[in-house]
Structures are given as structure tokens and as C-alpha cells.
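> What shape does this take:
(chains A, B and C)
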Amino acid sequence: MQFPRNKIVAVMGGSGSGKTTILRLIGGLISPDAGQVRVFGEAIGQSTSSKLYQQRRNMGMLFQHGALFTDLSVFENVAFPLREHTNLPESLMHDLVLLKLNAVGLRNAAQLKPSEISGGMARRVALARAVALDPQLIMYDEPFAGLDPISMGVTANLIRQLNDALGLTSILVSHDVQESFAIADYVYFLSEGTVVAQGTPTEMLMSEHPYVQQFVNAYVDGPVPFHYPGKSLAQDLGIGVAHD
Amino acid sequence: MISQLGHGVRAWLNEMGFAFRTLWAIFINGMGLWKRPRLITTQLHFIGNYSLVIILVSGLFVGFVLAYQGYYTLNRYGSEEALGLLVALSLTRELGPVITALLFAGRAGTSLTAEIGLMKAGEQLAAMEMMAVNPIQRVLAPRFIAGLIAMPVLAILFTAMGIWGGYLVGVQLVGVDAGAFWSQMQGGVDLRDDIGNGIIKSIVFGIAVTFIAIYQGYQAQPTPDGVSRATTRTVVISSLMVLWLDFVLTALMFK
Amino acid sequence: MQNKSLDFWVGLFVLLGALALLFLALKVGNMSSLSFNKSYSVISKFDNIGGLKPRAAVKSAGVVVGRVGDIKFDDTSFQAVVTLQLDERYKFPKDSSAKILTAGLLGEEYIGLDPGGDAKTLVGGDQIKMTQSALILENLISQFLFSKASEGSGDSK
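As a prediction, the model looks like this:
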């Protein structure tokens, strides 16, 4: 799989198809069993701790439910990477954090705690935190899951705008066809750990591949079966298989 | 069945190995924390100050009971004057470190485990990793060092409260002579052997309990069920560990 | 500010601990025995030291004047060689005697020093010549039984 610079690439597929695993491989949280993951030209996941941490400074990741630090305020959450990795004076940091929060529309929520804001807002704060150090690569793990339509629209908008404004490369893992297709430049479809289809969103909408068709059109049955595999109904009810 | 046994032993050894490697990582990362004392003091506040009430009150009541029971037994041999000595030695050598450690495991240990387990469940630790911040250094090591400092302090406070409690019951209530109470105590309690060894014990217990609590949280399954089991394991394993270590240390120290 | 009040409480916590430690050290423990005074070493040989242990007290007239240091065995005279660390403030005549006594009936053993009459005093490295070994309970009992037996046989004569 290739993720070119400055583009938004969506990785889609059903649950358990391996999408989150791809993100973890790129982030170096797990190592590949075979093959290699190269980020900015360098292999990742096989290096020592400090090298890995250096590589991670150029990446941002947005976890599924935000993963904000619950004991810190919104402001402190966004300030966290700045405090840990830079030596900026307090006033400069203060302004930077407010600017990042402003980009996601939550500047006035800076003093609230994560428990006091909604899920959608928490995810926006996490986005601000992920871009705090101006990374070159940013990964989104199910950014639309569980959001209301308004929040979904806001989030999709932010992802596209940030990508273009900051010159980022974005990798988007999602189930949501409508929002993802609206902002992605390229799409990979995964099923059970392998890439089954790839192309631009328009190509995918017109694809003849049965898995893509089922996914995009939300058919109930198809390559991803409705029934959990095993015995047939007739066998379970004990009818129609008489051997006399 | 033999192969199952072998497999079980291998799995246990693997777990032990990983645990020790984590302990080592915490130690190493703990060294680098001198530049950030604020992290440690925050934890010390949560672990130490919030345990004060239970430790002080328990110490007082243990002292009361020791004095009562001790008086009853000593009285039969006409040796009630040794009550001060009895209370002080019991507390400084054994009860102070051990009971404090058990209470600490229950109060601070479980909250450490739950906090870290829930951070893991909420992907906060993974998020930290992705932000190139080592969670062992930022989250685990400060709590470990804070526990290490808090335990001996709490044990000393427990012992002091217990002795005072023993004085209140023994002298004020039951009527043992105050002079005899303190002088027999001073004559028999050695600064190095009794008080010093008690402090060493509490430091060792502090290391054990804090590490077990942190490790269980770090290894917890990220589900409500997993966190609850992890906190249970913290209390059970810490308590057993404390009692076992107490036996070993007592045998080594008090020949 | 939250940080300042936090520092205060933590500082208070540690201070409380330090005070408690001070209380234990002064009121509870025997600080007086931790004498930082200089001491001089004197040796004495005993046939049997019983249960005497290092760091046991050396008392004279009931007052602690020193501590027992090393206890070694001399395999030429087959006696125990005990080193006494005596407080420099106290001088004893050269012909003082050392006895091994027991505190209480079944208590710990300590060394009692009885002064002699010599004008010259003990200095570091000297040896206390007159010693009395510890009373061993078993020897006492066998002595008692033996004397009882001889008494009985004497009567019957």
C-alpha cells in the first residue's frame, strides 16, 4: 500500500479486516511479521526506542474515542506534546495551544475537562492535540464513528482543510462510505487482511468487485455473509437429512 | 498433563521475566525524573496524603488494642510495667511496616491499578506512545517513586500513632506507671536494630506493593471486567508478597 | 494556584513523617546508648561467656560504661577473648575484675566491672586479668544434684 504525500488516503473494510492494524504498523506500535513498513523513506518498527520516538515526532494519531488524558483540561491536553518535546516559554505555548484549538473551533472550551465535553468535541480536541507539533503524517482511527451528522460533517471538513492547509499526508481508517468518499483522494479496501480493491472514490463507486459493491451499497448479504458460518438451519432443526 | 504443567511453568517464567524487565525499565526511567520533580510530587500527594487518614486512625486503634491485650497478658506474670516495651517493639519491628503495607495495598495499590488500567483501556497510554512520550517514564515511574517514598513515611506515622495510642490506653486508661512505660521502652528499643530494621522493611514493602499495583494496571485487559480483576490481583498478590517478604526479612534481620 | 497548594500538602506530609521519626528516635529508642564519645579497647579472657553477645552492655555499679566489641576464641589457651569498648570518660584501675552477669533471671547477659585498688588505670590494649565466667544453668543443676547425692551418701554412713 502506498500513501503519497499531501493526499488523503482512506482505508476501508469491515470490522476485523485489519484496518487498525495498518495504522499500528505505521505507527510502530506493532512489528510486521513479514515485509517492511517505510515512513518518510525509513523503515519503522525495527528500530530502537529513541529512533522510533524520533520518527513518531513527525506523526500524529487520532484514536477512536479521542484518548484524551482525563486528568488534564482541554488546554493541557493540547499543550502536552508541546510541553514534553519543546522548551517553549509559557506565553508562546499558551498562544500556540489556543491557535490549535481555534482551528478546530474549541478555543473557548480550553478550561473544560474531557468529562465535561461531548464525544464529538473530544475528538476535535484530540485532533488539535495530534497536530500540535505540526506533523507531516496524520492517522485517523474511525474519526466518524458514533458522531451525529453535524459533527461528522465538521470533522470531515476539518480533516480535508487541515490536510491542505498544513500540507499533511492523511490516512483515514473508517467504515463511513459517504463522508470518507467525500474527502479522500484514494481508497483501499481491505478484507480479512488483504487489499481486495483500490482506486479513487469515483472508481470505487462504479466498481464491479462484489465486496466493494456490497460495502458501498450496504447490501445485507454478499462476500461478507450474513450468517455466521457453520451448520445449516436444516441441520440444526434436525429436518430434511433423514438417512433411512 | 505433564506437557500442560511444563507449558504452565514456561508461561509463568515468561510472565516473571517480563515483570522484571518492566521493573528494570521503571528503575531506569525513574533515574531521569530528577529533572521533573513536579510529576513525583503530584503522585506523592495522591498516594501519600490521601492515605494519611486511614493510616493514622488505624495506627491509633492498633495501639489501643495492643495496650489492652498486652496489659491483660503481662498482668498475669506481674510484668505490666513492660507494656511500653511490648507495644513499641511490636509496632516498630512488625506491625508498623506490615499493617501499613497491607492498608497501602488496599487503598493506594488498588487506585493505582485502576487508574493505569483505565488509562490503558481508554488508549491513553497508546496515544502517549504515538506522541513519542514513553508512558513508562511519564506515567509509571513517577507513581513508583512516589509509592517508594510514601510507604516508609506512612509506616513511621503508623508506628508513632500506635505508640501514642498505647500510651493513652496503657497509662491514662489502665493505669500503668508513665515513667515505667517510657523508660522500659527506651531501654529496650534499639535505634538501629528495631526502628532501623522496621524502616528497611517498609521500604522493601513499598517497592513490592507499588510495583505490583502498577504492573497489574499496566497489564490489565482493557475491559471493565479486566480492570476489576486486575485490582483484585493487586490486593491479593501484594498482601501475600508482603507477608512472605516479612518472614524472609525477619529471619534475616532478627537472629 | 493548584501547584503551590499541592507542594504545600506534600511538604507537610514529608514533614509529618520526619517529625514522627524524630519522636521515635528520641522518645522511643535508646538514643543515649548511641554514644558518640570516644572509646578505648580492653580485652579480657573468660572460660565461658555463656550467652554474651557483641554490643551487650558493660556496666559498673549498674551504669552503662561501655559495650562489648569482638568476641573471639583463643585456641592456645582455649578461652574466649572478649574486647570491651569502654567510654573514654571513665577510667578503671588496672586490677579491676570483669564478671559476666545476667539481667534479671532469664535475661540477657552483660559484663559487670568491679573496680580494683591499683593507682594505675587501664589504657587501650590492656587486659583485665581477673575474670569470672558466666553461670551456666546446666552446670549449676548438675552441681546441685551432685552435692545432694554426696549429702545423701554422707548421711547414710
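> secondary structure element for residue A:4?
Following DSSP states H and E, one finds residue A:4 outside all helices and strands.
> That one against residue A:169, yeah?
Yes - using C-beta atoms under 8 Å, residue A:4 is in contact with residue A:169, at 7.2 Å. No exception for glycine: its C-beta is placed from N, CA and C like everyone else's.
> Same drill for the two, tell me which one is more crowded.
Neighbour totals were compared for residue A:4 and residue A:169, and residue A:169 leads with 20 against 9 (other C-beta atoms under 10 Å in any protein chain shown).
> okay, now residue B:8: neighbour count?
Other residues close to residue B:8 by other C-beta under 10 Å number 10.
> How about residue B:222?
15.
> for residue C:114, same thing?
15.
> Give me the nearest residue to it, chain neighbours excluded.
Nearest non-adjacent residue to residue C:114, counting by C-beta to C-beta, 6 or more residues apart in numbering or on different chains: residue C:97, 5.0 Å away.
> same deal with residue B:110?
residue B:231 (4.6 Å).
> give the contact list for that neighbour.
B:110, B:113-114, B:117, B:216 (C-beta atoms under 8 Å, 6 or more residues apart in numbering or on different chains).
> 7 Å - rerun?
Contact analysis of residue B:231 by C-beta atoms under 7 Å, 6 or more residues apart in numbering or on different chains lists B:110, B:113-114.
> beta partners for the residue nearest to residue C:114?
Beta-bridge pairing for residue C:97 (DSSP bridges): residue C:114, residue C:130.
> Can you give me the neighbour number for it?
Number of residues near residue C:97 (other C-beta under 10 Å) recorded here: 16.
> Was I right to think it contacts residue C:115?
No - the criterion here is C-beta atoms under 7 Å, and residue C:97 misses it with residue C:115 at 8.6 Å.
> buried residues in stretch A:71-87?
By 16 or more other C-beta atoms under 10 Å in any protein chain shown, the buried positions in stretch A:71-87 come out as A:73-82.
> Go ahead and name everything in contact with stretch A:149-162.
So stretch A:149-162 is contacted by A:8, A:104, A:120, A:123, A:127, A:131, A:140, A:143-144, A:147, A:168, A:170, A:172, A:179, A:182-183 (C-beta under 7 Å, 6+ apart).
> And for stretch B:67-74?
Stretch B:67-74 is contacted by residues B:80, B:82-83, B:86-87, B:166, B:169-170, B:174, B:176 when judged by C-beta under 7 Å, 6+ apart.
> got the contact list for residue A:122?
A:66, A:68, A:114.
> Looking at these, which are in helices?
In helices, defined here by DSSP state H, there are no members of the contacts of residue A:122.
> nearest to chain B, of those residues?
Nearest to chain B among the contacts of residue A:122: residue A:68, at 7.6 Å, using C-beta to the nearest C-beta.
> Was I right to think the closest one contacts residue A:77?
Yes - Residue A:68 is within contact range of residue A:77, at 5.0 Å (criterion: C-beta under 7 Å).
> Between these two, which contacts overlap?
With C-beta under 7 Å, 6+ apart as the test, residue A:68 and residue A:77 both reach residue A:125.
> Next, residue A:207: secondary structure please.
coil (DSSP: H, G, I helix; E, B strand; the rest coil).
> Excluding sequence neighbours, find me the nearest residue to residue A:183.
residue A:160 (4.4 Å).
> That neighbour - that's part of a helix, no?
Yes - judged by three-state DSSP, residue A:160 forms part of a helix.
> how close does it get to chain C?
Separation of residue A:160 from chain C (C-beta to the nearest C-beta, to the nearest Å) stands at 39 Å.
> can you check residue B:108 too?
Distance, residue B:108 to chain C, by C-beta to the nearest C-beta: 13 Å.
> Now do the strands in chain C.
C:39-46, C:57-60, C:63-74, C:79-87, C:97-102, C:109-114, C:127-128, C:130-132 (DSSP state E).
> For chain C, give the residue positioned nearest to chain B.
Nearest residue of chain C to chain B (C-beta to the nearest C-beta) works out as residue C:17 at 3.3 Å.
> What is the burial count for that residue?
When counting by other C-beta under 10 Å, one arrives at 20 neighbours for residue C:17.
> That one touches residue B:157, doesn't it?
Yes - contact criterion C-beta under 7 Å: residue C:17 and residue B:157 qualify, at 6.0 Å.
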